[in-house]
Structure formats: structure tokens, C-alpha cells
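> Quick one, structure for this:
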Amino acid sequence: TPPGEGVGSHFVSHCGDGCLFELRADPLETSDLASRHPQRLARLRAKLEAYEATAFNPDRGGNTAAACEHAQGVYRGFWGPFMR
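Presented below is the predicted three-dimensional model:
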């Protein structure tokens, strides 16, 4: 199913440079406000990048097709060990 179609498609969005939602008024995140508030988005992105710079982020290796296939098949969309 292409992105934006199918079950749950109204819950998933790929915003490219970031999304901005008013969660009290739009709890399902259906109306992206990023284009109307670019300064706010930039300020929040800078905060996020500052937080991420201090987060523990160990090397987890590269993307592996086998891991994705295992997560989608065996674990039904959740991550888990994929090598035995």
C-alpha cells in the first residue's frame, strides 16, 4: 500500500523537514501547521537537536533488509532480535 493509503493512513505522515501540530485542538495530528509557523518549527527543531546531542545513542549497525523483514513478519511490526 502506498504511503497515505490504507488502514491507519490518517495517523501516519512523513513531513520531510518536520511537522508541527496543535495537539489539544488536533490530537490525531491531521493538520500540519509547519508551513504557517516556520519560525516556531525552526525553534523547536533547534531544541530537539540540542537534546539529541546529549542523548546516549550507541552504534546499532547499519540498516539491514533482514531486520526489516523479520520485524514486519515474525514480530508483526515491532523490532526484536532477528539473528539467531
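> what bits of this structure have low per-residue confidence?
1-14, 79-84 (pLDDT under 70).
> All the helices of the chain, residue numbers only.
Secondary structure of the chain (DSSP state H): helices at 38-54, 65-73.
> Redo those helices as TSV? Include mean neighbour count and distance to G18.
Every C-beta, even on glycine, is put in place using the N, C-alpha and C of the backbone. Putting the helices of the chain into TSV (neighbours: other CB atoms under 10 Å; distance: least, CB to CB, whole Å) gives the following:
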stretch	mean neighbour count	distance to G18
helix 38-54	11	5
helix 65-73	12	24
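> Adding distance to E29, write those helices out as a markdown table.
Formatted as a markdown table, the helices of the chain follow (distance: least, CB to CB, whole Å):
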| stretch | distance to E29 |
| --- | --- |
| helix 38-54 | 14 |
| helix 65-73 | 23 |
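> Nearest to C19, out of the ones you listed?
helix 38-54 (8.2 Å; CB to CB).
> residues in contact with the closest one?
When contacts are defined by CB atoms under 8 Å, 6 or more residues apart in numbering, helix 38-54 is touched by residues D17, G18, L20, A34.
> Spit out the contact partners of the last one.
Residues counted as contacts of A34 (CB under 8 Å, 6+ apart) are C15, D17, G18, C19, L20, L41.
> From D17, how far out is the spatially closest residue to the first one that is not a sequence neighbour?
Closest residue in space to C15, ignoring its immediate chain neighbours: D32 at 6.2 Å, by CB to CB, 6 or more residues apart in numbering. As judged by CB to CB, to the nearest Å, D32 and D17 stand 11 Å apart.
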